[in-house]
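>>> requesting a structural model of the entry that follows:
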Amino acid sequence: MQTMSPLLEEDKIERSVERIPTGIIDDLIMGGIPRGSVILLIGDPKAGKTTFVTQFMYNQLKNGISTIGILTDVAKHEFISNALDFGWDFMPFLEERVHFLDAYSQRLRGKPRFSFDETVVTDVSDTTQLIEAIKDVTLKVLADKNPPMITGVISSLTPIFFETEIKQIYKFLEDLKDLVHRQKQVWILEMNSGIEEPQIEMMVKAIVDGIIEMKLMEEQRTLKRYLRVYGMRRTKHVLSWVPYEITNYGIQVQSI
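Residues are numbered from 1 along each chain as shown. The predicted structure follows:
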């Protein structure tokens with residue numbers, strides 16, 4: 001009787017790709033993001049990146065999937081209020097499937113306007129504390145009798161990198177990627193383009209499992225929005241720039 005090789009004993013070979021629909025760009029990526037992926041969402045300021053991650057989180061909640069949101073650029077109450085403008089109500093999910101890590105209030109030395117009993121990240125530049133907070137929330141979610149799929153977003157990476165050494169950034173991304181791959185999670189990391197040093201931006205792009213890029217282009221004196229997807233593992237992409245709009249219902253990508 002043949003014994004299974006050490007590789008197959010430890011890890012099962014993925015013969016097919018299980019995907020998590022985004023509800024936004026699925027027609028561009030074969031139906032969704034592969035489970036076990038860290039995706040970089042990078043683009044111009046005001047291109048709609050925060051709208052994208054908010055819409056992604058809300059779509060996961062509607063599909064019964066737990067989601068973690070690390071907020072570094074906006075207070076929780078403002079994030080939830082802004083979502084309501086698009087009809088996305090996070091309040092019914094706060095006690096069950098959405099978990100916010102507050103990395104904003106302490107960064108500005110202010111106090112949250114109200115609390116949902118989530119973890120507070122006291123030093124956003126301490127990437128070790130940040131990854132431990134993510135692991136703690138993951139364990140909390142997995143402690144349920146029927147552990148659900150987990151997705152997450154960081155909105156955004158930019159403040160985390162302001163006072164963080166490159167080696168710490170690299171370790172944080174590698175630790176997050178290891179966790180996401182092992183747990184078959186899906187995470188989207190929001191980042192402004194052209195803000196960080198070129199070597200940092202290139203390092204992040206090299207580490208992640210795929211990239212969604214959003215861009216503002218001026219055409220006939222009007223700003224137009226475009227996005228493209230590339231570098232996503234085991235996924236055929238639509239590599240060209242695809243127009244999108246931000247409507248009252250969120251981001252809507254032009255049909256291809």
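
>>> OK, contacts around the closest residue to Val137 other than its chain neighbours?
Setting aside the residues directly before and after it, Val137 is nearest to His99 in space (Cβ to Cβ, 6 or more residues apart in numbering), at 5.0 Å. In short, each C-beta sits where N, CA and C put it, glycine included. Taking Cβ atoms under 8 Å, 6 or more residues apart in numbering, we find His99 in contact with 66-69, 118, 137, 140-141.

>>> farthest pair in those?
The two members of the contacts of His99 with the most space between them (Cβ to Cβ) are Gly69 and Lys140, at 14.2 Å.

>>> show me which of these two is the more surrounded one.
For Gly69 versus Lys140, neighbours defined as other Cβ atoms under 10 Å are more numerous around Gly69 (23 against 13).

>>> now the residue nearest to the spatial centre of the chain: phi and psi?
Relative to the mean C-alpha position of the chain, the nearest C-alpha, by Cα atoms, centre = their mean, is the one of Ile188, at 1.8 Å. Here is the backbone geometry of Ile188 (degrees, to the nearest 10): phi -120, psi 120.

>>> now do Asp209
The phi/psi pair for Asp209 (degrees, to the nearest 10) is phi -100, psi 0.

>>> from what I can see it touches Arg233, true?
Yes: the criterion here is Cβ atoms under 8 Å, and Asp209 meets it with Arg233 at 5.2 Å.

>>> find residues that contact each of the two.
Common contacts of Asp209 and Arg233 (Cβ under 8 Å, 6+ apart): 34, 37.

>>> these two - which one has more neighbours?
Asp209 (21 against 12).

>>> any chance you could map the helices in the stretch 101-250 of the chain?
127-142, 158-161, 166-183, 198-207 (DSSP state H, counting those that start in this stretch).

>>> out of those helices, nearest to Ser37?
helix 166-183 (6.9 Å).

>>> give me the mean pLDDT for the closest one.
Across helix 166-183, the average pLDDT comes to 95.

>>> mind giving me the packing neighbours of it?
strand 37-43, helix 127-142, helix 158-161, strand 186-192, helix 198-207 (3 or more Cβ pairs under 8 Å, 6 or more residues apart in numbering; DSSP states H and E).

>>> 10 Å instead, please
strand 37-43, helix 127-142, strand 150-155, helix 158-161, strand 186-192, helix 198-207 (3 or more Cβ pairs under 10 Å, 6 or more residues apart in numbering; DSSP states H and E).

>>> and that helix, how far out from the chain middle?
Its chain's C-alpha centre and that of helix 166-183 lie 14 Å apart, by Cα atoms, centre = their mean, to the nearest Å.

>>> ok, stretch 64-71 next?
On Cα atoms, centre = their mean, the centre of stretch 64-71 falls 9 Å from that of its chain.

>>> do stretch 63-82 as well
The answer for stretch 63-82 is 11 Å, by Cα atoms, centre = their mean.

>>> can you pull the buried residues of stretch 187-197?
For stretch 187-197, burial by neighbour count (16 or more other Cβ atoms under 10 Å) applies to 187-192, 196.

>>> with stretch 26-45 instead?
Buried residues in stretch 26-45, counted by 16+ other Cβ under 10 Å: 26, 28-30, 32-44.

>>> endpoints of it, how far apart?
23 Å (Cα to Cα, to the nearest Å).

>>> just checking, Met202 touches Glu196?
Yes: between Met202 and Glu196 a contact is recorded at 9.5 Å, counting by Cβ atoms under 10 Å.
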